[in-house]
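>>> Quick one: sequence and predicted model below, then my questions.
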Amino acid sequence: MSFRTLDDLDLKGRRVLIRVDINVPVRDGRVTDDTRIRAVLPTIRDVMAKGGLPILLAHFGRPKGKPLPEMSLGQVVDALHDALGGEAGPAVLFAPDCVGPHAEEAAERLGPGQVLLLENTRFHAGEEANDPAFVEALARVGEVYVNDAFSAAHRAHASTEGLAHRLPAAAGRLMEAELRALEKALASPERPVIAVVGGAKVSTKLELLGNLIGKADQIVIGGGMANTFLAAQGKDVGKSLCEHDLAPTAREILGRATAAGCEIVLPADVVVAREFKAGAPSEVVPADACPPDAMILDAGPEAVRDIVRRFEGAKTVVWNGPLGAFEIEPFNRATDEAASAAARLTEEGRLLTVAGGGDTVAALNASGAAAKFTYVSTAGGAFLEWLEGKTLPGVAALTT
């Protein structure tokens, strides 16, 4: 994929509208986790280094087109200022609207060494409707557009897609890194490619599995999804979470994978318990020997050893979803051990690892492996849609 980056734009002395994702958790008016803010700092700093005047566009929460004080981005100003270096860093200004006189005047006054944050774009119904009049109003605030919010790129909104057609446009550094990582993982990967797909339900991952069958050499299925596939093969899964009505779909997926030369990997053994709670008594049994009164809550040690062996023979791993009920010990063990092995192989330069999705990020962070993966996406829906093979409007608008 060919797309424009900051290096393709002349930014000197120009007002640069940067679409960022700083939809961060806030409690009592204070940001409690500034991870997303820190993720966009390289783009802000690069724009300033190139002589541009950064103006940040962002959404916050779901105000549904109406101004709501509790969803004001004014709550983020102090955290942004601190992340940029506090008193030693650039001044952070705030405009009480993202369009109109307040925004335009604040942008006109913006000078070197300053960053302007505009109010929540979703305070206007035209944002999510991608209304041309609202796009035009946003465009009047800046001269150049940079999209650094891959996490919102699956939405064709005014600030994520419309502006890219109205102003000279490019990807920011975070967007650039995400796109290059995903391209290496699926568009032009080193083989063999292993996809790890976990989570509770097959029904939420049908499109994902359908796309990966044509791209991956092996697909490791874990979590509650694995139970549905085991049941589809005639194995008793007891009281486990299982979509029994999707057994025909699971068998169809298995057949399509075989025809495509893609191996579906299911656990040979599983960890079962009678209660779903921390520290519940558990035991390891073969995948076809789940007691009728028990629940499968994790992949077993032989299954993990099998996954690790496969990782050792692979070149690329794409990961979406945990292998078990990772939130509760000891049912986090399979996810932790497999993730740690992938992280070790990545550190040794033997494996490219790309992971994403809400539960995936939480699971990898809990295991301590996330920092060692090649790339971990926090994009959620956009990451999943990319894996499903869908065109993301915010990305398509930046392609050359």
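Looks like it arrived, so ask away. Numbering: from 1, shown residues only.

>>> Please enumerate residues in contact with stretch 251-262?
Applying C-beta atoms under 8 Å, 6 or more residues apart in numbering, the contact partners of stretch 251-262 are 206, 209-210, 212-214, 216-219, 229, 232, 263-264. For the C-beta atoms, the positions are set from N, CA and C on the backbone; glycine is no exception.

>>> Kindly state the pLDDT recorded for R310?
pLDDT, R310: 98.

>>> thought it was touching I194?
Yes: counting by C-beta atoms under 8 Å, R310 does reach I194; the two are 5.8 Å apart.

>>> Distance check, A273 against V237.
13 Å (C-beta to C-beta, to the nearest Å).

>>> again with E127
In terms of C-beta to C-beta, E127 sits 45 Å off from V237.

>>> Could you name the specific helix or strand carrying R344?
helix 333-347 (DSSP states H and E).

>>> show me where the stretch 251-400 of the chain has strands.
Here the stretch 251-400 of the chain has its strands, by DSSP state E, counting those that start in this stretch, at 263-265, 269-273, 282-286, 295-299, 316-320, 352-356, 375-377.

>>> Pick out the shakiest of those, pLDDT-wise.
Mean pLDDT per stretch puts strand 375-377 lowest among these, at a mean of 91.

>>> which residues are contacting the helix holding R344?
196, 198, 222, 271, 298-300, 303-304, 307-308, 311-312, 317, 319, 322-324, 326, 351-353, 363-364, 366-369, 372-374.

>>> Centre of the chain to that helix, how far?
The chain centroid and the centroid of helix 333-347 are separated by 19 Å under C-alpha atoms, centre = their mean, to the nearest Å.

>>> List every C-alpha atom in that helix, with coordinates, as CSV.
C-alpha atoms of helix 333-347 as CSV (Å, rounded to 0.1, in the frame of the first residue of the first chain):
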residue,chain,number,x,y,z
ARG,A,333,-1.8,-19.5,32.0
ALA,A,334,-2.2,-20.5,28.3
THR,A,335,-2.4,-16.9,27.1
ASP,A,336,0.5,-15.8,29.3
GLU,A,337,2.8,-18.7,28.3
ALA,A,338,2.1,-18.5,24.6
ALA,A,339,2.5,-14.7,24.6
SER,A,340,5.8,-14.9,26.5
ALA,A,341,7.1,-17.4,24.0
ALA,A,342,6.1,-15.1,21.1
ALA,A,343,7.7,-12.2,22.9
ARG,A,344,11.0,-14.1,23.4
LEU,A,345,11.1,-15.1,19.7
THR,A,346,10.4,-11.5,18.7
GLU,A,347,13.3,-10.3,20.9
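
>>> between R310 and I194, what contacts are shared?
Counting by C-beta under 8 Å, 6+ apart, the residues touching both R310 and I194 are Q218, V220.

>>> Looking at these two, which has the bigger crowd around it?
Shown here are R310 and I194; by other C-beta atoms under 10 Å, I194 has more neighbours (25 against 20).

>>> can I assume that one sits in a helix?
No: counting by DSSP: H, G, I helix; E, B strand; the rest coil, I194 falls outside a helix, being strand.

>>> Who has more neighbours out of A273 and V237?
More crowded of A273 and V237, by other C-beta under 10 Å: V237, with 24 against 20.

>>> Identify the residue spatially nearest to the more buried one, adjacent ones excluded.
Nearest residue to V237 in three dimensions, chain neighbours excluded: N227, at 4.7 Å (C-beta to C-beta, 6 or more residues apart in numbering).

>>> next one: C290
Once flanking residues are discounted, C290 sits nearest to G238: 4.4 Å by C-beta to C-beta, 6+ apart.

>>> do the same with A185
That would be V354: by C-beta to C-beta, 6+ apart, it lies 4.0 Å from A185.

>>> can you check P248 too?
Closest to P248 by C-beta to C-beta, 6+ apart is A232, at 7.6 Å.

>>> Do you know the pLDDT at that neighbour?
97.

>>> Could I get the phi/psi values of it?
phi -70, psi -20 (degrees, to the nearest 10).

>>> next one: E275
Backbone torsions of E275, given as degrees, to the nearest 10, read phi -130, psi 150.

>>> so what's it up against?
Neighbours of E275 in contact, by C-beta under 8 Å, 6+ apart: P281.

>>> likewise L246?
Going by C-beta under 8 Å, 6+ apart, the list of residues near L246 reads V202, S203, T228, A232.

>>> For A106, state which of those residues is nearest.
Set against A106, the nearest of the contacts of L246 by C-beta to C-beta is S203 (46.8 Å).
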